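Q: Predicted model and sequence follow; I will ask about them next.
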Amino acid sequence: MSPWAELVAALREDEPAAVRPPLHRVAELEPGRVDAALDHVHRAAMDRYRDGRPGEARALFELNVEFGGEPGRAVRAGWARIGLAAIAADEGDLPEAERLALAATGSGDPELTGVAWEHLRALRLRKNDTASAAEAARRALDSGHPESAAAAAAWLAAAPERARS
């Protein structure tokens, strides 16, 4: 069986650890397919997260972070960190969620940066830190991502004192 076929079969299993070996084989034997393989892993992580299986989602997101250390894959790792931040926040680990989201802000990708700052705004609000949430909103405004900038502008405009804090 080809490494690609092994990966697809492993993604159908309920055990994310089964995905690592074929993913490494794809990277070794079919390096031109690694990005497509990581897209499949990311989609599987998102599906598991939406299905209420955060442990499995976490393991798959972590594979994307691991492979995101390769040149040209930092944005992919950043999106995985956003997924991991959402899981951490759901589990009540706000410091870890904030750490993960903050790590995604420096990607240079406007969409990822804007979304990461919006996550940080929401996390900081959960901690009742309005001043830091306002700073995150201002950073989202500057991200260059239209949807994040619009959401941040609306939040800041809803209470003008936020924009000044």
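A: Noted; the coordinates are in hand. Every value quoted in this text rests on a predicted model; they were computed, and no experiment measured them.
Q: And for residue 158, the neighbour number?
A: Neighbours of residue 158 under the rule other CB atoms under 10 Å: 8. Any C-beta I mention is one placed from the backbone N, CA and C, and that applies to glycine too.
Q: Excluding sequence neighbours, find me the nearest residue to residue 11.
A: Once flanking residues are discounted, residue 11 sits nearest to residue 44: 4.8 Å by CB to CB, 6 or more residues apart in numbering.
Q: Would you agree residue 63 is in contact with residue 39?
A: No - in this structure, residue 63 is not within contact of residue 39 by CB atoms under 8 Å, at 12.0 Å.
Q: Comparing the two, which shows the higher neighbour count?
A: Remark: of residue 63 and residue 39, residue 63 carries more neighbours, 22 against 12, as counted by other CB under 10 Å.
Q: so who does the residue nearest to the more buried one when sequence neighbours are not counted touch?
A: Leaving aside its sequence neighbours, residue 63 sits nearest to residue 41 (CB to CB, 6+ apart; 5.4 Å). Contacts for residue 41 (CB atoms under 8 Å, 6 or more residues apart in numbering) come out as 11, 19, 23, 60, 63, 64.
Q: do residue 124 as well
A: Residue 124 neighbours (CB under 8 Å, 6+ apart): 98, 130, 132, 133, 136.
Q: Most neighbours among these, which one?
A: Going by other CB under 10 Å, residue 136 tops these with 27 neighbours.
Q: Helices - which of the contacts of residue 124 land there?
A: Using DSSP state H, the subset of the contacts of residue 124 located in helices is 98, 130, 132, 133, 136.
Q: What ranges in the protein fall below the confidence cut-off?
A: Across the chain, the ranges flagged by pLDDT under 70 are 69, 71, 160-165.
Q: residue nearest the centroid of it?
A: residue 82 (2.3 Å; CA atoms, centre = their mean).
Q: Return the set of buried residues in the helix or strand containing the residue nearest to residue 63.
A: For residue 41, the element it lies in under DSSP states H and E is helix 34-50. Neighbour counts over helix 34-50 (16 or more other CB atoms under 10 Å) mark 34, 37, 38, 40, 41, 42, 44, 45, 46, 48, 49 as buried.
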